[in-house]
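Enquirer: how does the following fold in three dimensions:
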Amino acid sequence: MIENMFLQASRKGVRFTYKGQITVEDLWNLSLDELNSIYEQLNNVLEKSSSKSLLKTRKSEDETLDLKIFIVQYIFEVKQQELNERKTRTEKLQKKNQLMAILEQKQNSELMGKSSEEIAKLIDELGD
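Expert: Next comes the predicted model:
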C-alpha cells in the first residue's frame, strides 16, 4: 500500500505547495510543524472542493488531493515516531550515565572504607 502510494506520486509528478513547489522527497526534510501546515492547507482545499452531490463523480484532482494528504500524513507519522524513538534513546542513555556515576561513587566509597593495610594489599595484588 505504502509503496503504491509513492509510486503513484512519482508517476503523477505530485507537487506540494510550500514556499513554492516541492516534491515528495522534499517533505522528508521538513519539520513536523511545516508538515502539519501543509496537511492543514490540503485539508482546507479538500473541504472547499468536496461539495456533496449524488451526481458528482470523483475527478482525478480529488484522487490526487487524497494522495497528497495521505503522503503528508504518512511522512508526519514516520518522522514523529523517529523523533519519539530518539527521545527515548536519549533518556535511556542519560539514565544509564547517571547510574554509572552512582556506581562509581559507591565503588569509591567502598574503597574509602578500607583500612590502609587492605588498600596496600590491593595495590600489591595489582602488581607493576
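Enquirer: can you show me the helices along this structure?
Expert: Per DSSP state H, the chain carries helices over the ranges 2-12, 24-27, 32-49, 60-112, 116-126.
Enquirer: helices or strands up against the shortest one?
Expert: Counting contacts by 3 or more Cβ pairs under 8 Å, 6 or more residues apart in numbering; DSSP states H and E, the secondary-structure elements packed against helix 24-27 are helix 2-12, strand 16-17, helix 60-112. Quick note: C-beta positions are derived from backbone N, CA and C, even for glycine.
Enquirer: run the chain-centre distance for the shortest one.
Expert: In terms of Cα atoms, centre = their mean, to the nearest Å, the centre of strand 16-17 is found 22 Å from the chain centre.
Enquirer: spatially central residue for this structure, please.
Expert: residue 82 (2.5 Å; Cα atoms, centre = their mean).
Enquirer: and the pLDDT for it?
Expert: You'll see residue 82 listed with a pLDDT of 97.
Enquirer: which one of the helices of the chain lies closest to residue 18?
Expert: Closest of the helices of the chain to residue 18 is helix 32-49, at 5.4 Å (criterion: Cβ to Cβ).
Enquirer: flag every buried residue along the closest one.
Expert: 35, 38, 39, 42 (16 or more other Cβ atoms under 10 Å).
Enquirer: other residues contacting it?
Expert: Contacts to helix 32-49, defined as Cβ atoms under 8 Å, 6 or more residues apart in numbering, come from residues 16-18, 27, 30, 61-62, 65-66, 68-69, 72-73, 75-76, 79-80, 83.
Enquirer: run the last query once more with 7 Å
Expert: Identification of contacts with helix 32-49 by Cβ atoms under 7 Å, 6 or more residues apart in numbering yields 16-18, 27, 62, 65, 68-69, 72-73, 75-76, 79-80.
Enquirer: same question, stretch 61-70
Expert: Against stretch 61-70 from outside (Cβ under 7 Å, 6+ apart): 5, 8, 9, 12, 14, 16, 39, 42, 43, 45, 46, 49.
Enquirer: what about 6 Å?
Expert: 8, 42, 46 (Cβ atoms under 6 Å, 6 or more residues apart in numbering).
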